[in-house]
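Undergrad: Next input, structure requested:
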Amino acid sequence: MKALCFDRFGGPEVLEYRELPDPQAGPGEAIVRMRAVGLNFADVYRRKGSYHLAGQPPYVPGYEGAGVVVRVGPPPATEDADAGKMPRVGDRVGFADVPFANAELVAAPASRLIPLPDDVSFQTAAASLLQGLTAQYLTRDSHPVAPGQTVAVHAAAGGVGLLLVQIAKLLGARVIGLTSSEEKRAAALAAGAEQVALYGEEWVDAVRAFGGGTGVDVVYDSVGSTLRDSLRAVRTGGHVVFYGMAGGDPQPVDPRLLMDESKSLTGGDLWNVLTGHAERVRRSAELFGWIRDGRLHVEVSRTFPLAEGAAAHAFLESRRSIGKVLLVP
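TA: Numbering: from 1, shown residues only. Model prediction:
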């Protein structure tokens, strides 16, 4: 099979598209022929050597995608009540957390495969599963968004950000987005944000004003280096949900600030939420339901052939993308 891989850490130029042995299906696994692969900043971090990475060189990045089951391995060696049924050859499936996804063929644990409805395309699934399920748990679990609340979304024109804006709106909240350019401001407004502030402006003041002068109910912060300012932007008794570090590590937060202003700070990670097959199916069903009834639009910024993976990485790192970048084998 062909795969995108690298032997050393570095820039996009270390990526190569070359022939590797076909994966074999072990117990409880299926071989998926990939039709679309989601590119994420985590893949960039892995290529640079700054994020967890499975296997040995040549490393094959990627954890998200969709395709068709072409082979099925033997049943799992041990019974697992939440592993789900083994898929069948021909099943359309997607996944958000299976390694080595930047390839024509991927060996995937059956427990991590999510059945795709017939009217959800492979590209829509690859563009929505990881970031869509992230936006879903952030608004359902980390801070359950309620009608009438005020919400601020960092990186509102990014893959997760655009979905967060839309989901918060469909749950009844008023949303202010934060972005870095006029083009991205327009995208966040088109997604449903009532107002968008640019990072070069006094965005903390803008967010506080949006919340009636005292701050918003919740800030979703994926930037990291903005964490202290996010805490300034929420009202007394407000909530900051910290789930990413795209702008660098956050400075330490004095817990006395949280006590004095009755504010709360929550960390979020999707892998603590996707606890088994049943949970994957339940959460993806809600996500796909929002997409199918038109309440959630998945924005694809650009699609690259898998063979042009280096160009795709360079495009993603340029911060010019609005929405999702996809790779197609």
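Undergrad: quick one: the helices in the chain?
TA: Using DSSP state H, the helices of the chain run over 41-48, 122-137, 159-170, 182-191, 203-210, 227-233, 255-260, 277-292, 309-317.
Undergrad: Now tell me what touches the third one from outside.
TA: Identification of contacts with helix 159-170 by CB atoms under 8 Å, 6 or more residues apart in numbering yields 40, 127-128, 131-132, 134-136, 138-139, 145, 151, 153-156, 175, 177, 179, 187-188, 191-193, 220, 222, 244, 290, 295-299, 322-324. Heads up, the C-betas are built off the backbone N, CA and C, glycines and all.
Undergrad: try 6 Å
TA: Among residues not part of helix 159-170, those counted as contacts by CB atoms under 6 Å, 6 or more residues apart in numbering are 131-132, 134-135, 139, 145, 151, 153, 155-156, 175, 177, 191-193, 220, 295-296, 299, 324.
Undergrad: Weed out the non-buried ones from the residues you listed.
TA: 131-132, 134-135, 139, 145, 151, 153, 155-156, 175, 177, 191-193, 220, 296, 299, 324 (16 or more other CB atoms under 10 Å).
Undergrad: How many residues are close by the residue nearest to Asp269 when sequence neighbours are not counted?
TA: Nearest non-adjacent residue to Asp269, counting by CB to CB, 6 or more residues apart in numbering: Tyr243, 7.1 Å away. Counted with other CB atoms under 10 Å, the neighbours of Tyr243 add up to 21.
Undergrad: pretty sure Tyr243 is touching Thr266, no?
TA: No - contact criterion CB atoms under 6 Å: Tyr243 and Thr266 do not qualify, at 8.7 Å.
Undergrad: what's the closest residue to Arg35 other than its chain neighbours in contact with, if anything?
TA: Excluding its sequence neighbours, the residue lying closest to Arg35 (CB to CB, 6+ apart) is Phe122, at 3.8 Å. Contacts for Phe122 were tallied using CB under 6 Å, 6+ apart; they are Arg35, Ala36, Ala66.
Undergrad: at 10 Å what do you get?
TA: When contacts are counted by CB atoms under 10 Å, 6 or more residues apart in numbering, Phe122 touches 34-37, 65-68, 92-94, 116, 326, 328.
Undergrad: same check, this time on Arg295
TA: Gln166, Ile167, Lys169, Leu170, Gly289.
Undergrad: Please indicate which of the residues you listed are buried?
TA: For the contacts of Arg295, buried by 16+ other CB under 10 Å: Gln166, Ile167, Lys169.
Undergrad: now, among the residues you listed, which is nearest to Pro252?
TA: Ile167 (30.3 Å; CB to CB).
Undergrad: how close does that closest one get to Gly289?
TA: 12 Å (CB to CB, to the nearest Å).
Undergrad: Now do the strands in the stretch 1-150 of the chain.
TA: With DSSP state E, counting those that start in this stretch applied, the stretch 1-150 of the chain shows strands at 2-5, 16-19, 29-39, 64-72, 92-95, 105-109, 114-115, 150-153, listed in chain order.
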